[in-house]
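> return a 3D structure for these sequence lines:
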Amino acid sequence: MSSSFGTLFRVSTFGESHGVGVGVVVDGCPPRLALDLDEIQADLDRRRPGQSRLVTQRAEGDEVEVLSGVYDGRTTGTPIALVVRNKDQNSGAYDHLKDVYRPSHADFTYDAKYGFRDHRGGGRASARETIGRVAAAAIARQLLRAATGTEVLAWVSSVHTIEAEVDLDTVTLDQVEADPTRCPDPAAAAEMTTAIEQARRDGDSLGGVVTLVARGVPAGLGEPVFDKLDADLAKGMLSLPAAKGFEIGSGFAGTRMTGLAHNDPFVPGPDGPTTATNRSGGVQGGISNGADIVCRVAFKPTGTIASEQTTVTTDGEATTLAAKGRHDPCVLPRAVPMVEAMALLTLADHLLRQHTTSLLP
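Numbering: from 1, shown residues only. Prediction:
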């Protein structure tokens, strides 16, 4: 099982949904970085369950412990180990799933690959695994801010058929965090809340899209041809649970434009060439061009729902299933910090890789 991501800023996550705990080892973080542990906890608080009535009510504080790699408030250059203990496991709520495959979940595929699976909350396939990613990314966030001033922000831009109107240039973290949906458009957020609550009452679930902007990314990040910046962003985003689509810049909409309309013309800027438009989404030829990186990640409706569905047992016999337990009727609000995490990890890794490219004057 591949549980590591990155080349120089490399993270390896560990743990299961109902095991002792979950966490991450971060290798390659430069030494002497002043690390604010409260900021790591703040990002984990944005990801944790039970934070509003729109998400799963599993009661986890998700309090992070630093086991190594930090001394006297600074990184030492050695591996940083972070762990969060699981405290509200209710494994018995999943006993009815031990011999049944949930539709559109990882149950059957994990059995097909490994011949064995942890049915308690999905085990390693649970979104609880992303705690390690978010914790590591909080370190990457502080590294990027200190080194380049880069800031990364994501928000819910659609749920089901409800689309938000958001200004990419001015949207702020306070606006995103002002509503439990993490949609900074108040009118759309109210509609989303109504739709999510109705889906929960109906025993159903909803999907949607998270949009992300990375501001202040320096030009030159990306390693063509196989480790292009946009390719690694796509890999990171699509590794998230329930992620089903990724696009950057104009994305699929660009296919309906001509080249003349789509191209981003260069114009003089205060610090060198810049582009008058940003349909490329900040990446050209797999390398950042200094413009804001803009991408979108599509998430499917939550696979585990309370309505009865047809499925089969592990012996291949037909049965029906109405899932029990505590589940998100919509993953989008909690997916926002996860999307930020994969962007931060990718950018931090490519920043360090770029420094190896520019060793010689």
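
> ok, the closest residue to residue 341 other than its chain neighbours - contacts?
Of all residues not flanking residue 341 in the chain, residue 137 sits nearest, at 3.5 Å (C-beta to C-beta, 6 or more residues apart in numbering). Every C-beta, even on glycine, is put in place using the N, C-alpha and C of the backbone. Applying C-beta atoms under 8 Å, 6 or more residues apart in numbering, we find residue 137 in contact with 43, 340-342, 344-345.

> show me those that map onto helices.
When DSSP state H is applied, those are split such that 43, 340-342, 344-345 fall in helices.

> export the residues you listed as JSON lines, with columns for distance to residue 199, neighbour count and pLDDT.
Output for those, formatted as JSON lines (distance: C-beta to C-beta, whole Å; neighbours: other C-beta atoms under 10 Å; pLDDT from 0 to 100):
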{"residue": "43", "distance to residue 199": "27", "neighbour count": "20", "pLDDT": "96"}
{"residue": "340", "distance to residue 199": "25", "neighbour count": "26", "pLDDT": "98"}
{"residue": "341", "distance to residue 199": "26", "neighbour count": "29", "pLDDT": "98"}
{"residue": "342", "distance to residue 199": "26", "neighbour count": "29", "pLDDT": "98"}
{"residue": "344", "distance to residue 199": "30", "neighbour count": "30", "pLDDT": "99"}
{"residue": "345", "distance to residue 199": "31", "neighbour count": "26", "pLDDT": "98"}
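
> distance to residue 352 added to the contacts of residue 137, as a markdown table?
What follows is the contacts of residue 137, written out as a markdown table (distance: C-beta to C-beta, whole Å):
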| residue | distance to residue 352 |
| --- | --- |
| 43 | 21 |
| 340 | 19 |
| 341 | 17 |
| 342 | 16 |
| 344 | 13 |
| 345 | 11 |
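
> looking at those, which is nearest residue 156?
Closest approach to residue 156 among the contacts of residue 137 (C-beta to C-beta): residue 340, at 12.3 Å.

> closest to residue 11 out of the contacts of residue 137?
In terms of C-beta to C-beta, no member of those lies closer to residue 11 than residue 345, at 6.2 Å.

> do I have it right that the closest one meets residue 6?
Yes. Between residue 345 and residue 6 there is a contact at 6.1 Å, judged by C-beta atoms under 8 Å.

> on that earlier part again, just confirm the residue nearest to residue 341 is within a strand.
No. Applying DSSP: H, G, I helix; E, B strand; the rest coil, one finds residue 137 to be helix, outside a strand.

> and it, how close does it get to residue 144?
As for residue 137, its distance to residue 144 is 10 Å (criterion: C-beta to C-beta, to the nearest Å).

> what is in contact with these two at once?
Contacts common to residue 137 and residue 144, judged by C-beta under 8 Å, 6+ apart, are residue 344.

> below-threshold pLDDT in this protein: ranges please.
Along the chain, segments meeting pLDDT under 70 span 1, 50-53, 55-60, 88-94, 324-326.

> quick one: the helices in it?
Applying DSSP H to the chain gives helices spanning 37-47, 107-114, 130-148, 173-177, 186-201, 229-238, 259-262, 332-357.

> so what touches the fourth one?
The one in question is helix 173-177. Outside helix 173-177, the residues within contact range by C-beta under 8 Å, 6+ apart are 46, 153-155, 182-184, 336.

> list the buried residues in that helix.
By 16 or more other C-beta atoms under 10 Å, the buried positions in helix 173-177 come out as 175-176.

> then the third one?
Burial within helix 130-148, assessed by neighbour count using 16+ other C-beta under 10 Å, is assigned to 130-144.

> so that helix versus helix 229-238, what angle?
Going by axes from the mean of the first three to the mean of the last three C-alpha atoms, to 10 degrees, helix 130-148 is angled at 150 degrees with respect to helix 229-238.

> could you do the fifth one as well?
For helix 186-201 against helix 229-238, the angle between stretch directions is 40 degrees (the same axes, to 10 degrees).
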